[in-house]
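Undergrad: Return atomic coordinates for the entry below.
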Amino acid sequence: MSEKNIRVLALDLDGTLTNDEKKVTPRTRAALDAAVAKGVTIVLASGRPTAGIMPLAKDLGLDKKGGCILAYNGGAIIDCTTGETLYQKRLDPDMVPKLCAFAAEQDIAILTYNKEGVVTERPEDEWAAREGFTCHLPMIQVEDLAAYVDYPICKMLITLDPARRDEVCAEGKKRFEGQIDLYPSSPFFIEAVPLGVAKDVSLGALLEKMGLTRENLMACGDGLNDRSMLAFAGTGVAMRNAEDAVKAVASDVTTADNNHDGVAEAIEKFILD
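TA: As a prediction, this is how the structure comes out:
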């Protein structure tokens, strides 16, 4: 029997909880239900906007069983049952035109979100369109993104050919040092978030609110933006398909990938055993 007292399970979505078709398989659903039955709180922890996570949360029944959404890579945490915002950090409005100008200089797409979907000047861009597919949200074209965004946002997302990711990310970090945090979340995405926003920070705030510690947290992920929560969690599990840098900080790596119930394997091993 496992001696771990896991009370919170934080799950990255894309490449982790969902398979490449963006679906949660029956075995993984059953494992999630069994974990909830043992009193574990499920947190869907993603770079997606809230609107891009809520349909999955409802599909999994978290709006009735209880659970949380961690959106924007930690920019916000929402209680699935009550809709209450438990934690939130927003991007400085002054950064929006600066980031848009940077993307224009690099000739790459940049996007953010409104209540209806994904907002960008380049909805047909191959890499930007992947965010719409990932979030199951419509792509909305605007003529001037910097002028359009006159409302609070938690993050912007730079999308680009993977061959340019590291070069552009390095240049962006140099340009915006001390103003925002920039980091890759996939081969073709670079997150632009307020300083200090990451999955581990917001999960720490949630645990404190719940009267728990990191030893009560299990986290599963595959992407570079999951490294912080895997290193922070008492039990950090990387998917077999995770990048090597993610596996390096994990306490365990699944034998199965996201297409073969890697999350179910982790739940069965550490929570249900």
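
Undergrad: Please, which helix or strand holds the residue nearest to Asp14 when sequence neighbours are not counted?
TA: Excluding the flanking residues, the one nearest Asp14 by Cβ to Cβ, 6 or more residues apart in numbering is Thr134, at 5.7 Å. All C-beta atoms are positioned from the backbone trio N, CA, C, and that covers glycine. Thr134 is part of helix 126-135 when elements are defined by DSSP states H and E.

Undergrad: Gly236 too?
TA: Per DSSP H and E: strand 235-238 holds Gly236.

Undergrad: re earlier: next helix or strand past the helix holding Thr134?
TA: Helix 126-135 is succeeded, C-terminally, by strand 139-141 (DSSP H and E).

Undergrad: so who does the closest residue to Phe176 other than its chain neighbours touch?
TA: Nearest in space to Phe176, with sequence neighbours left out and distances taken as Cβ to Cβ, 6+ apart, is Leu182 at 6.3 Å. By Cβ atoms under 8 Å, 6 or more residues apart in numbering, the contact set of Leu182 is Ile158, Cys169, Gly172, Lys173, Phe176, Ile190, Glu191, Ala192.

Undergrad: Just give me the closest of the residues you listed to Asp94.
TA: Phe176 (11.2 Å; Cβ to Cβ).

Undergrad: Lys98 is in contact with that closest one, correct?
TA: Yes. Counting by Cβ atoms under 8 Å, Lys98 is a contact partner of Phe176 at 7.3 Å.

Undergrad: quick revisit: name the strands paired with the strand holding Gly236 and say parallel or antiparallel.
TA: Note on strand 235-238: by DSSP bridges, its sheet partners are strand 217-221 (parallel), strand 252-253 (parallel).

Undergrad: center of the protein - which residue?
TA: Against the mean C-alpha coordinate of the chain, by Cα atoms, centre = their mean, the closest residue is Ser46 at 1.7 Å.

Undergrad: So for the next helix or strand after the strand holding Gly236, mean pLDDT?
TA: Using DSSP H and E, the next helix or strand after strand 235-238 towards the C-terminus is helix 244-247. In this model, helix 244-247 carries a mean pLDDT of 96.

Undergrad: Buried residues, helix 244-247. List them.
TA: Val246, Lys247 (16 or more other Cβ atoms under 10 Å).

Undergrad: if we can go back for a sec, next, the buried residues of the helix holding Thr134.
TA: Those would be Trp127, Ala128, Ala129, Glu131, Gly132, Thr134, Cys135, for helix 126-135 by 16+ other Cβ under 10 Å.

Undergrad: Leaving out sequence neighbours, find the closest residue to the residue nearest to the centre of the chain.
TA: Leu13 (4.4 Å).

Undergrad: residue contacts, that neighbour?
TA: For Leu13, counting by Cβ under 8 Å, 6+ apart, the contacting residues are Leu44, Ala45, Ser46, Arg48, Ile53, Leu56.

Undergrad: hang on, isn't the residue nearest to the centre of the chain packed against Thr16?
TA: No. Under the criterion of Cβ under 8 Å, Ser46 makes no contact with Thr16, lying 9.1 Å away.

Undergrad: returning to that earlier point: what's the distance between the residue nearest to Asp14 and Met218?
TA: The spacing between Thr134 and Met218, counted by Cβ to Cβ, to the nearest Å, is 24 Å.

Undergrad: where's the residue lying closest to Met139 once chain neighbours are set aside relative to Thr82, distance?
TA: Distances taken as Cβ to Cβ, 6+ apart place Pro123 nearest to Met139, at 3.7 Å, with adjacent residues excluded. The gap separating Pro123 from Thr82 is 34 Å, by Cβ to Cβ.

Undergrad: quick one: which of those two has more around it?
TA: Pro123 (18 against 10; other Cβ atoms under 10 Å).

Undergrad: looking at it, the more buried one is touching Phe133, isn't it?
TA: No. If you go by Cβ under 8 Å, Pro123 and Phe133 don't touch, sitting 11.9 Å apart.
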